[in-house]
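A.B. asks: Structure here, sequence nowhere to be found:
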Ligand SMILES: [Zn+2]
């Protein structure tokens with residue numbers, strides 16, 4: 001389940017799957033015990049590589065495809081699009 005109330009992650013997942021591609025996601029498990037959900041992953045890395053502590057997570061608060069805020073109702077028209085890189 002997506003952390004956003006829109007279908008963008010599912011729609012994009014289906015479209016990308018046709019091109020042997022998937023979106024990297026971050027699993028979130030709320031501390032209040034409510035069901036876990038997924039959010040599109042924002043890549044992060046350590047600045048100081050010798051530090052043993054792993055990089056922090058960057059959590060999106062808005063859907064990157066349609067722009068709704070996490071937990072908000074989706075707009076009437078939410079149409080994600082993507083580019084295969086082909087001309
Ligand atoms: Zn969306």
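C.D. replies: Cool, got the structure. Note that the coordinates shown come from a computational prediction; the quantities given were computed from them, not determined experimentally.

A.B. asks: what about this structure, any weak spots by pLDDT?
C.D. replies: 73-80, 86-87 (pLDDT under 70).

A.B. asks: Who are the contact partners of residue 24?
C.D. replies: With contacts defined as C-beta atoms under 8 Å, 6 or more residues apart in numbering, residue 24 is in contact with 40-41, 43. Yep, even glycine has a C-beta here, placed from its N, CA and C like the rest.

A.B. asks: interface residues of the protein facing the ion?
C.D. replies: Proximity of the chain to the ion is confined to 6, 8, 63, 65-66 under the rule C-beta under 5 Å from the ion.

A.B. asks: of all those, which comes closest to residue 81?
C.D. replies: residue 65 (8.0 Å; C-beta to C-beta).

A.B. asks: That closest one: neighbour count?
C.D. replies: Neighbourhood size, residue 65 [other C-beta atoms under 10 Å]: 20.

A.B. asks: my read: residue 9 touches residue 15, true?
C.D. replies: No: the criterion here is C-beta atoms under 8 Å, and residue 9 misses it with residue 15 at 11.0 Å.

A.B. asks: Neighbour count for the two, which is higher?
C.D. replies: residue 9 (22 against 14).

A.B. asks: Closest one of the contacts of residue 24 to the ion?
C.D. replies: Proximity of the contacts of residue 24 to the ion (C-beta to the ion) peaks at residue 40, which lies at 9.6 Å.

A.B. asks: Enumerate every residue touching that closest one.
C.D. replies: Taking C-beta under 8 Å, 6+ apart as the test, what residue 40 contacts is 9, 23-26, 60, 64.

A.B. asks: just checking, which of the contacts of residue 24 belong to strands?
C.D. replies: Those of the contacts of residue 24 mapping onto strands are residue 40, per DSSP state E.

A.B. asks: where does the residue of the chain most remote from its centre fall, helix, sheet strand or coil?
C.D. replies: Most distant residue from the mean C-alpha position of the chain: residue 50, 28.6 Å away (C-alpha atoms, centre = their mean). What DSSP: H, G, I helix; E, B strand; the rest coil gives for residue 50 is coil.

A.B. asks: ok, now residue 11?
C.D. replies: Relying on three-state DSSP, one would call residue 11 helix.
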